[in-house]
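**Q** Need coordinates for the below:
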Amino acid sequence: MRTLIFILIAAAVAAGCTVGPVYQKPKVSLEKNFAELSGNANTNPPPADWWKTFHDPELEKLINEAGRENYDLQIATLRVREARYQRNIMAGNLLPTVDANAGYLRAYGSKNVNLPIGGGDPPDPPGMDANDDAFENELSVLGKGGLPGVWSDLYQMGFDATWEIDVFGGIRRRVEAANEQMQAAVESRRNMAITLSAEVARDYMELRGTQERLDIARKNLSDQKIILQVTKSMRTNGLASDLEVTQAAAEVATTSATVPPLEATSRRLIHALSILLAREPTALASELEMVKPLPVTPPEIPVGLPSQLLERRPDIREAERQIAAATANIGVAEADLFPKFALTGGSAGIDSSQPGSLFSLNSRYFLISPTITWRIFDAGRIANNIKLQKAGKEEAVLQYRSTILTALQEVEDALVMTATDQARRADLIEALNQSRQSLALSRQQYEHGLSNFLNVLDAERAVFSAEDNLTQSDESISTDMVALYKSLGGGW
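**A** Coordinates of the predicted model:
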């Protein structure tokens, strides 16, 4: 009992002692503003629900449903729960383990085993042959069944306890590491949610852009078929040549060939969106096949400040939590350098040979077995494990800094692409306007015999190409906006 009291006092004195370094968040120096900030971008903080800035109810519905149903996000949620349970398991090691037990023993000792101190023949149980005592006076060790020739009963109830007292904080460091891993799992799930919303939005933008391109191709194909019929009629009346007819037919075939790939891309994007919503590939076909325009991009782009990325980007926060976990693991390793104090055989209870006296005061028993263990030789395993954990922390710090640089690059790249595509769009609008004027003039001159049919075909081809390029530019601007919001940590 005195030993137990001594151990408890020592544990209380050392309760504030925890091995290993105390975690400190790495310091990072960042620029005040993003270098590529220009145009309609500003330093206001970006919205969390950035998809609402496109004012497209269909897009909002898809993202909300994906957040509820997506399988990858559900898996990430389960990993958070698993990490929380693991943390709770580690925390349980700080407290004693207590087992309740009860039992009954019925034993009979071999009569061929005699007590070393000799003695008379114990009473035989009913039915036992009283003359069967040839070896009862021989000296030998006590047999496994109890007293020789004796039936015995034992009724027992009690508790067994084991407890490793966390004097130097090794268990607390394990709990700390598990807690940081749980926080990292939370940030990983948040990152998954951001990636999912961006993936849904990107596929949706590409779908609407593809549908617009498909609509443009079909309209141009319809106009070109009309021109082909008019050209054939003019040839019948001697106003057009066979060359002009074949040229018109070739233009129809060329435009017609652009339709099937666009249709295939449209169906593929519907399949991708359906899978992101945890549905069968064609589940959204009836809902999304109807052609709708691309969502309108917001007039201003709030991007915030580089320093805000450290708080907004879940992947950066996850990397920082990994450093904290690696720091705690150093303490776990260093705890093996010190002795361990434990109660490995503590038990208490009652036992008796008669059930009637089982609960009497005289039936109680106690057993306390405190132990101290201290590894004095392990061929350098503990020292190398400490070095291993320190190297792991250094790796986590480098990974953290690398994640920050990657995040900054993604934002700068997205800003460049957004500004470039918006500037390019203005030129494409001008090119489309000029191409339409050229087509009108070429048709007018051809009808009056002032120009050949080839000029009309070239003008039609230019208009179709300009319309298609402008639609692709609008699609690129929309997907650039999605990429920018994702790189800023939007959706957290």
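
**Q** ok, which stretches of the stretch 201-350 of the chain are helices?
**A** 242-257, 259-276, 285-288, 309-312, 314-334 (DSSP state H, counting those that start in this stretch).

**Q** out of these, which comes closest to G145?
**A** Minimum separation from G145 across these (CB to CB) falls at helix 314-334, 47.6 Å. (Glycine included, C-beta is placed from N, CA and C.)

**Q** isn't R436 right next to V463, touching?
**A** Yes - when contacts are counted by CB atoms under 8 Å, R436 is listed as touching V463 (5.8 Å).

**Q** returning to what we had before: out of the helices of the stretch 201-350 of the chain, which is closest to A193?
**A** helix 314-334 (8.2 Å).

**Q** quick one on the thing from earlier: possible to save the helices of the stretch 201-350 of the chain as TSV with mean neighbour count and distance to I226?
**A** What follows is the helices of the stretch 201-350 of the chain, written out as TSV (neighbours: other CB atoms under 10 Å; distance: least, CB to CB, whole Å):
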stretch	mean neighbour count	distance to I226
helix 242-257	16	10
helix 259-276	18	17
helix 285-288	14	30
helix 309-312	18	54
helix 314-334	23	55
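
**Q** can I get these in TSV with distance to P148?
**A** TSV is the format used below for these (distance: least, CB to CB, whole Å):
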stretch	distance to P148
helix 242-257	104
helix 259-276	77
helix 285-288	87
helix 309-312	79
helix 314-334	54
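
**Q** Now tabulate those in TSV and tack on distance to V416 and mean pLDDT.
**A** Compiled in TSV, these are given as follows (distance: least, CB to CB, whole Å; pLDDT from 0 to 100):
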stretch	distance to V416	mean pLDDT
helix 242-257	34	89
helix 259-276	26	96
helix 285-288	31	93
helix 309-312	17	88
helix 314-334	21	95
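
**Q** so which of these comes closest to I165?
**A** Counting by CB to CB, I165 lies closest to helix 314-334 out of those; the figure is 16.2 Å.

**Q** what's the closest of the helices of the stretch 201-350 of the chain to G67?
**A** Of all these, helix 259-276 sits nearest to G67, with 10.3 Å by CB to CB.

**Q** how about stretch 460-480 as CSV, C-alpha atoms only?
**A** The C-alpha coordinates for stretch 460-480 follow below in CSV (Å, rounded to 0.1, in the frame of the first residue of the first chain):
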residue,chain,number,x,y,z
GLU,A,460,-20.0,31.7,-93.8
ARG,A,461,-17.1,29.7,-92.5
ALA,A,462,-15.6,32.7,-90.7
VAL,A,463,-18.9,33.5,-89.0
PHE,A,464,-19.3,29.9,-87.8
SER,A,465,-15.8,29.8,-86.5
ALA,A,466,-16.2,33.2,-84.8
GLU,A,467,-19.4,32.1,-83.1
ASP,A,468,-17.8,28.9,-82.0
ASN,A,469,-14.7,30.6,-80.7
LEU,A,470,-16.8,33.1,-78.7
THR,A,471,-18.8,30.4,-77.1
GLN,A,472,-15.6,28.5,-76.2
SER,A,473,-14.2,31.8,-74.7
ASP,A,474,-17.3,32.2,-72.6
GLU,A,475,-17.0,28.6,-71.4
SER,A,476,-13.3,29.2,-70.6
ILE,A,477,-14.1,32.4,-68.6
SER,A,478,-16.7,30.5,-66.6
THR,A,479,-14.4,27.5,-65.8
ASP,A,480,-11.6,30.0,-65.0
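
**Q** What residues sit buried inside that stretch?
**A** Neighbour-count burial for stretch 460-480 flags 460-464, 466-480 (criterion: 16 or more other CB atoms under 10 Å).

**Q** quick one, phi psi at S152?
**A** Dihedral pair for S152: phi -130, psi 150, per degrees, to the nearest 10.

**Q** could you pull out the strands for the chain?
**A** Along the chain, counting by DSSP state E, strands occupy 41-42, 97-108, 151-165, 301-302, 340-352, 364-367, 370-373.
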